[in-house]
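Q: model the structure of this input:
(2 chains)
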Protein chains: 2
Amino acid sequence: MNNKITKRDENFAKWYTDVVMAARLASYTSVKGCIAIEPNGYALWEKMQEILDKKFKELGHVNVQMPMLIPENLLKKEGELVEGFAPEVAWVTEGGANKLEERHCIRPTSETMFCDYYATHVKSYKDLPMLYNQWCNVLRWEHETRPFLRSREFLWQEGHTIHATKEEAERETQQMMDVYKWFHHEILAIPSITGRKTEKEKFAGAEYTLTNEALMYNGVSLQAGTSHYFGQKFSRAYNIKFQNKENKEEFVYQTSWGTATRMIGGLIMVHGDDKGLVLPPKIAPKQVVIIPIGKDNKVMEIALKIKKELNDNQIVTYLDNTEKSPGFKFAEAEVNGIPVRIEIGPRDLENGKITFTRRDTSEKEVIDLDSNILEYTKDLLDRIQKNLYEKAKERRDALTFEAKNLDEMKDILNTQPGFIHADWCGEEECEIKIKEIRGCKSRCITDDSFITGKCVCCGKDAKYHVIWGLQY
Amino acid sequence: MNNKITKRDENFAKWYTDVVMAARLASYTSVKGCIAIEPNGYALWEKMQEILDKKFKELGHVNVQMPMLIPENLLKKEGELVEGFAPEVAWVTEGGANKLEERHCIRPTSETMFCDYYATHVKSYKDLPMLYNQWCNVLRWEHETRPFLRSREFLWQEGHTIHATKEEAERETQQMMDVYKWFHHEILAIPSITGRKTEKEKFAGAEYTLTNEALMYNGVSLQAGTSHYFGQKFSRAYNIKFQNKENKEEFVYQTSWGTATRMIGGLIMVHGDDKGLVLPPKIAPKQVVIIPIGKDNKVMEIALKIKKELNDNQIVTYLDNTEKSPGFKFAEAEVNGIPVRIEIGPRDLENGKITFTRRDTSEKEVIDLDSNILEYTKDLLDRIQKNLYEKAKERRDALTFEAKNLDEMKDILNTQPGFIHADWCGEEECEIKIKEIRGCKSRCITDDSFITGKCVCCGKDAKYHVIWGLQY
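A: Coordinates of the predicted model:
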């Protein structure tokens, strides 16, 4: 609350860090590249976990926990995986007082450990599918870090499933992508787009990767939830075989999918404003704050009554009954992004009124005390959720461009970045050349268009319609 | 289910491992000393987390997440802590492709990181208390490991709180010990005892440690929940100061408290039997299993109706509708410790009956189909919970002994170990001598007795009444 927040349009990067600190979502630590997730940030993560975990379980997944250390020989079994991750892992070389015979890395992701587990646990098609998920921490030795967006250690969930058939595994890959999409659109109010990663950008070791890409207020993309189809690549490398219905040995078909605390960064950068965090009601750990003005008994009585009624009806409401001034409390609720603020003061009460303030628009609505406050609040929360989604969608659409050639692409990226639609021949050479423009990368291949154009880079016939953009 | 379980009285250690494997709680991995927590084991942990987390939050605690890596210089700030833990930590010495300038250990516990956080976040008495908790993994380089009981990596919660006064911090230390005691007695049906650790056995760096000690079926103790009062020891080492009400700088008063996945081991060893796991209803992730006999439509109709009624009333019930034989399903429900099994078969139905089987006693109860099945099930679950507690208490009492001298102590420990009450002079020398008897350690100092006796070891006047025992 002492923290002054830089204006968003003045310096977006500074604004972001200011909001993270002012809303007490996270703070820096003495461990380079690692943050402390503070109570407000962790409460958001708990809410995300609660909603996703429920959905995963409804779809038949169960949670497990694999070791965080991976022996080097085990990591090395799948060539692409080790190539992709080896440069960014942390190695444990001493345990107790002794040098280890074999280095162990801290998991950057857990395909290795799940494969090792599945190889000894699956025997027959009757054991399949195995639909496992894990909530845990992972570590990647990043060099440039930013709270939530790119941190050496982060929290995430990683689903790892094995199946008896290709079709079933591919359905799972798509299903989990749809779950993430639902989560972004319905819960986080983030109109992410989905598609397939190019060969260059897919997960190391995957046959293909589906991705959810969200556009931040400043036009930079955030990859926020990916789902990988492995086919039999890992099962061959780790020897995960089963007896199929025809009594023949076969390698399993595999998927993995994950999303992380970086979504907290996404929430901030899609909805936040100059006053701080703005939370969609469906993900807000606290949805309503009641702020009593003065010490009038009647005020407190009404405040407690409303609090009880809302909480009894699954609207998470708290009463700020501290010694701070009302003005201070208003500002605190604002910086923390609480969707609805209710002020109850003696003067309003005399007129039989209370005041609601929406965090998303700052609009005040004065309501009769004897109206149906529960229904009014429910409706208001719905309106806020919808408005945040619509605003984010408008912004996304306004920052969605088309480019026919490299000059147009450069123009966009140098003026106001965003999602750039452009056809592509499919050659990595062109992808690399495009990356020279401010690090612009393919976000995803969309399959919703018939390709008639030419490659934005080389001008040859295009094979794919691709969305490009800068990325966190 | 293919696993044959060794008889408990024949070879307790082998029985324990057999139950862990047969009930699919955990399995060994390629990482030495680390287990994979499988779906049934993790579901138990989730249930434990849910219940404890709710209680912690009711008492005003909030969750956060600190980094898992600790730079060596930071760990070294508190002398006793580093002495206590340095021999058993794992060191990260390489990150990315480079050798690190400073080693980082993987947290064996997080006092260090919380102190580092608090030192920069607390300014005034108005910021206090800070009541933080963290659910996470920790790593200790143990040499002899056993699933859940002693594993290099384990999952736990660690509460870390700071306060403006000694009195408040000491109240917190006691309060959290009471929470663990409540959890053991009311939820896990484990009649643990509580007391204070001796100077030798207390947590490295604590002023004192309160402990919960549970007695396993074989008479060996399990430390299952400790609460430490640090006074100002850490706040002086890490410079955690605040402005008190008198506007003077003062060091904060601190506590920490934790409990871990080893409680799963405790549950197995207190309640399990020759058929496998036995779960108290209040901690069972699945409380009731319904097993239909045959494929009769009427059977399935009743099964679904009962399942719905129980689930609608917060009794977690599942229907085993797989292709396996009823006998196989019975055995599976038994090994997994499901408290109540309901069999519904066409013959019983003709007589308007269904059969309930209790896991704790194996008793069958045949019930009229038109009786109040919900109330009956609720009552049965209550009776099972109570019975398991009573049985465990009887066993604990039967294995609670008194010793006046070393010979008596040896006799007990060599015949049938248990909790041994014996007076003690307070000298570490005697504690060390007692440890020579099969590794017997002081479990806790009880304060419920007036000391009149002599030290069980040296025969001098006693200062403390202590409970001793072997330990996991």
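
Q: check which helix or strand covers the residue positioned nearest the centre of chain A.
A: Nearest residue to the geometric centre of chain A (CA atoms, centre = their mean): A:Met263, 2.6 Å. Assessed by DSSP states H and E, A:Met263 sits inside helix A:262-271.

Q: residues in contact with that helix?
A: A:16, A:19-20, A:25, A:41, A:44-45, A:48, A:146-150, A:154, A:188-190, A:214-218, A:220, A:222, A:224-225, A:277-280, A:283, A:337, A:360, A:388, A:391-392, A:395, A:472 (CB atoms under 8 Å, 6 or more residues apart in numbering or on different chains). Where C-beta positions appear, they are placed from N, C-alpha and C, glycine not excepted.

Q: those: which ones sit near chain B?
A: A:Trp45 (CB under 8 Å from any CB of the partner chain).

Q: show me what A:Leu139 bridges to in the sheet.
A: A:Glu153 (DSSP bridges).

Q: what pLDDT does it get?
A: On the pLDDT scale, A:Leu139 is placed at 97.

Q: distance check, A:Met21 against chain B.
A: In this view, A:Met21 and chain B are 11 Å apart by CB to the nearest CB, to the nearest Å.

Q: that residue - that's part of a helix, no?
A: Yes. Secondary structure assignment places A:Met21 in a helix (DSSP: H, G, I helix; E, B strand; the rest coil).

Q: what about it, neighbour count?
A: Neighbour count for A:Met21, taken as other CB atoms under 10 Å in any protein chain shown: 18.

Q: that one touches A:Ile35, doesn't it?
A: No. A:Met21 is not in contact with A:Ile35 according to CB atoms under 8 Å; the separation is 10.7 Å.

Q: which residues touch A:His160?
A: A:His160 neighbours (CB under 8 Å, 6+ apart): A:110-111, A:114, A:118, A:132-134, A:254-256.

Q: can you rerun that using 10 Å?
A: A:His160 makes contacts with A:61, A:64, A:66, A:109-111, A:113-115, A:117-118, A:130-134, A:228, A:230, A:234, A:254-258, as judged by CB atoms under 10 Å, 6 or more residues apart in numbering or on different chains.

Q: with A:Ala86 instead?
A: With CB under 10 Å, 6+ apart, A:Ala86 has these contacts: A:72, A:75-76, A:105, A:108, A:204, B:96-97.

Q: just the pLDDT for it.
A: The model's pLDDT for A:Ala86 equals 84.

Q: in the stretch 301-450 of chain A, which ranges drop under the pLDDT threshold?
A: A:448-450 (pLDDT under 70).

Q: in it, what residue is nearest chain B?
A: Using CB to the nearest CB, the closest approach of the stretch 301-450 of chain A to chain B is made by A:Glu323 at 8.7 Å.

Q: where's that residue relative to B:Leu267, distance?
A: 45 Å (CB to CB, to the nearest Å).

Q: who has more neighbours, the two?
A: Taking other CB under 10 Å, A:Glu323 and B:Leu267 do not tie; B:Leu267 has more neighbours (27 against 6).

Q: tell me the spacing between the more buried one and chain A.
A: 17 Å.

Q: wait, a strand at A:Glu334?
A: No. Using three-state DSSP, the assignment for A:Glu334 is helix, not a strand.

Q: list the residues that contact it.
A: A:Glu334 touches A:22-23, A:273, A:275-278, A:289, A:341, A:357, A:359, A:362, counting by CB under 10 Å, 6+ apart.

Q: then A:Gln287?
A: A:279-281, A:310-311, A:314-318, A:338-340, A:377, A:381, A:384.

Q: just the pLDDT for A:Lys4.
A: 87.

Q: right, and it touches A:Ala22 too?
A: Yes. Between A:Lys4 and A:Ala22 there is a contact under CB atoms under 10 Å: 8.1 Å.

Q: these two: which is more packed in?
A: A:Ala22 (21 against 6).

Q: just checking, the more buried one touches A:Lys14?
A: No. Contact criterion CB under 10 Å: A:Ala22 and A:Lys14 do not qualify, at 11.8 Å.

Q: what do the two both touch?
A: Common neighbours of A:Ala22 and A:Lys14, using CB under 10 Å, 6+ apart, are A:Ile5.

Q: re earlier: what's the overlap in contacts for A:Met21 and A:Ile35?
A: A:27-28, A:147.

Q: how about these in TSV, adding secondary structure, neighbour count and distance to B:Ser124?
A: Below are the shared contacts of A:Met21 and A:Ile35 laid out as TSV (DSSP: H, G, I helix; E, B strand; the rest coil; neighbours: other CB atoms under 10 Å in any protein chain shown; distance: CB to CB, whole Å):
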residue	secondary structure	neighbour count	distance to B:Ser124
A:Ser27	strand	16	18
A:Tyr28	strand	16	21
A:Pro147	coil	24	25
